[in-house]
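Asker: I'd like to go over a predicted model; first the sequence, then the structure.
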Amino acid sequence: MKYYDKLVFELSRPGRTGYSLPAGSLSGNYSAPWEASEPSAVWRKSTLPLPEVSEPDVVRHYTNLSQMNFGVDTGFYPLGSCTMKYNPKINEEVVSAFNGLHPLQPASTVRGARQVLDFMDKALAEITGMSHFTFLPCAGAHGELTGLMLMKEYHMSRGDSARTKVIVPDSAHGTNPASAAVCGFDIVVVKSREDGLVDVDDLRPLLGPDIAGIMMTNPNTLGLFERDIKEIASLVHGCGGLLYYDGANMNPLLGVVRPGDMGFDIMHLNLHKTFSTPHGGGGPGSGPVGVAEHLVPLLGRPRTSGFHGNFGVILRACAYILTLGRENLLMAGKLATLAANYIKESLKDSFKLPIPSVCKHEFVFDGLAADNGVTTLDVAKRLLDYGFHAPTIYFPLLFHQALMIEPTETESLETLDAFIDVMHTIAREAAEDPELLHSAPHNTPVGRPDETAAARQPVLKYTF
Amino acid sequence: MGPEGMKKLNSLCYEGAHYLKEQLLATGRFSDPFEGYPFLKEFALTPMCDVAKLQQALLDAGFFGALQTPEGYVTFCVTERRTREEIDSLIKVIKEAAL
């Protein structure tokens, strides 16, 4: 990566411009030029503090900045829980065809866009086993909140206001309890067994007339399929609760098994993950929420965003589904699972594998197998030297040195082998020269920034 | 755009929007509920014609405008990319339509 640390303001020179506006002016057609026509009280008093730069200045500046980034277009990005699969470029072409739409256009002029939404409703229902979807939510956690509002609406519509608690496994994504709390529920934690799956014996005594439902990912955060899901669904339904499926880990299930068939009543999908649209850095995302047939009448009630959510992301996901087609979509989940297990089995001698069973799309190591003082953070930093993005680290919280790897189905065998070789090399380096890892990365433009200072005392404003 | 570009851009929007408003009022099909209030690139008028027919006539001619607000006004907007010729042809549509 090339080091580049300029601010666009530092490139600014008085009078330099890079814009091109339509020639001329409408003045003369209009009764008076604007400076003469409006009272001076509404005029801007100061000049705009914007940089004055040419077009090449701008293009080079942002191109240079982009080269300081690591992305799925530059290399392998095995960030566990994030499904950083390759984003086909044809999806962007499809979106560009819809760029001119305005959300308030009459329905008769946006038939194509409505057809996309109808198709996606049917396609996602078929893929997940749900009945219908709403496309309002703009992200995964937004979908969780929408889904929980539906859960609350369901109970309230039956006149049951006693269901104030939501059960969340101790391995859950942090957004699950957070969303439930924002929605006004109290959180009850169900423990995992030693094999990483929800402890059904721990769940049973938690169930009762105060339980609104349970939130689960399947496979769970450890990448393990919850084999007892049918029993869990039966127990939760038996006490009058609903099952919410967090679709963050849907990728390995594509074409294999459907949340609706497992007994889930409400779910969200992360279109930006499972259906391959660019994400990261806070968006844009799309978290459509699907419901089982008995909840369809409630689906449109929580208006959690305007219009139809992030339509551009829905379009990209639509292009992805149509490009793959039924046959290849059925393969995506299996290949993602195969890739994760291949890496896991290839590295388990060098890294601690706390749960050795077959995983789905991702798995968790608990640091290096050898205890030589080298931490998971050191391993992650050293990976950057070798041109790989680091896996997710220190999550899930169940393991002290967690290192969570999710390769996705879009990587070649050569890429997976190259990653495995580098991980073995790092394990050797940790044994032979721990200091090399403690001080890594050595080949990146920035080494180990003071993350606390960056978070607590960020300098975000240019001083003129 | 830089500071000068933003100012010029805004001038074009301003001049186009004010020209459009002046011409729309001259058709006699609208009144100005906010006379004297400053505005930049968009404005609301009170329609004195059938809004559905107005919107359809504009759509048929390739314009998307006269969006209705909850209060019953219709809104128009002009950006720097619109030319005087386009504004004139929009006015012609409104003048000639049976509203």
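Answerer: Sure, I can see it.
Asker: Could you use CA atoms for every contact and neighbour count after this?
Answerer: OK.
Asker: Strands of chain A, start to end?
Answerer: For chain A, strands defined by DSSP state E occupy the ranges A:132-134, A:165-169, A:186-190, A:211-216, A:242-247, A:266-269, A:289-291, A:363-366, A:392-393, A:402-405.
Asker: Reformat these as JSON lines; add distance to chain B and mean pLDDT.
Answerer: Shown next, in JSON lines, are these (distance: least, CA to the nearest CA, whole Å; pLDDT from 0 to 100):
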{"stretch": "strand A:132-134", "distance to chain B": "25", "mean pLDDT": "98"}
{"stretch": "strand A:165-169", "distance to chain B": "40", "mean pLDDT": "97"}
{"stretch": "strand A:186-190", "distance to chain B": "39", "mean pLDDT": "98"}
{"stretch": "strand A:211-216", "distance to chain B": "38", "mean pLDDT": "98"}
{"stretch": "strand A:242-247", "distance to chain B": "37", "mean pLDDT": "98"}
{"stretch": "strand A:266-269", "distance to chain B": "33", "mean pLDDT": "98"}
{"stretch": "strand A:289-291", "distance to chain B": "30", "mean pLDDT": "98"}
{"stretch": "strand A:363-366", "distance to chain B": "48", "mean pLDDT": "96"}
{"stretch": "strand A:392-393", "distance to chain B": "40", "mean pLDDT": "96"}
{"stretch": "strand A:402-405", "distance to chain B": "43", "mean pLDDT": "97"}
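Asker: and the worst-scoring helix or strand of chain B on mean pLDDT, how far from the chain's centre?
Answerer: Sorting the helices and strands of chain B by mean pLDDT, DSSP states H and E puts helix B:2-26 at the bottom, at a mean of 91. Computed by CA atoms, centre = their mean, to the nearest Å, the chain-centroid distance of helix B:2-26 equals 11 Å.
Asker: Contacts (any at all) between chain A and it?
Answerer: Yes. For helix B:2-26, a contact with chain A is found by CA under 8 Å from any CA of the partner chain, at B:2-3, B:5, B:9, B:11-12, B:14-16, B:18-19, B:22.
Asker: helices and strands around that helix, which ones?
Answerer: On a contact count with 3 or more CA pairs under 8 Å, 6 or more residues apart in numbering or on different chains; DSSP states H and E, helix B:2-26 meets helix A:34-37, strand B:42-47, helix B:84-96.
Asker: Could you confirm whether the second one reaches chain A?
Answerer: No. Shown here: strand B:42-47 not in contact with chain A (CA under 8 Å from any CA), separated by at least 14.5 Å.
Asker: so what's A:Met130 up against?
Answerer: By CA atoms under 8 Å, 6 or more residues apart in numbering or on different chains, the contact list for A:Met130 reads A:124, A:259-260, A:265-266, A:290-293.
Asker: ok, 6 Å please
Answerer: Residues near A:Met130 by CA atoms under 6 Å, 6 or more residues apart in numbering or on different chains: A:260, A:290-292.
Asker: quick revisit: and the helices and strands packed on helix B:2-26, which is most packed in?
Answerer: Comparing the helices and strands packed on helix B:2-26 by mean neighbour count (mean count of other CA atoms under 10 Å in any protein chain shown), strand B:42-47 ranks first with a mean of 20.
Asker: buried ones in the following helix or strand past it?
Answerer: Moving toward the C-terminus from strand B:42-47, the first helix or strand encountered (DSSP states H and E) is helix B:51-60. By neighbour count with 16 or more other CA atoms under 10 Å in any protein chain shown, helix B:51-60 contains the buried residues B:51, B:54-58.
Asker: Could you dump those residues into JSON lines with distance to chain A and pLDDT added?
Answerer: Shown next, in JSON lines, are those (distance: CA to the nearest CA, whole Å; pLDDT from 0 to 100):
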{"residue": "B:Val51", "distance to chain A": "13", "pLDDT": "95"}
{"residue": "B:Leu54", "distance to chain A": "13", "pLDDT": "96"}
{"residue": "B:Gln55", "distance to chain A": "9", "pLDDT": "95"}
{"residue": "B:Gln56", "distance to chain A": "10", "pLDDT": "95"}
{"residue": "B:Ala57", "distance to chain A": "13", "pLDDT": "96"}
{"residue": "B:Leu58", "distance to chain A": "12", "pLDDT": "96"}
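Asker: what's the spacing between B:Glu71 and B:Phe43?
Answerer: According to CA to CA, to the nearest Å, B:Glu71 and B:Phe43 sit 14 Å apart.
Asker: pLDDT wise, what is A:Leu322 at?
Answerer: You'll see A:Leu322 listed with a pLDDT of 96.
Asker: Now for it: which residues touch it?
Answerer: Per CA under 6 Å, 6+ apart, neighbours of A:Leu322: none.
Asker: what's the spacing between it and chain B?
Answerer: From A:Leu322 over to chain B the distance is 31 Å, taken as CA to the nearest CA, to the nearest Å.
Asker: domain parsing for chain A?
Answerer: With domains defined by automatic domain parsing, chain A comprises A:8-66, A:90-323, A:334-452.
Asker: With distance to A:Cys82 as extra columns, can I get these in a markdown table?
Answerer: Below are the domains of chain A laid out as a markdown table (distance: least, CA to CA, whole Å):
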| stretch | distance to A:Cys82 |
| --- | --- |
| domain A:8-66 | 21 |
| domain A:90-323 | 7 |
| domain A:334-452 | 8 |
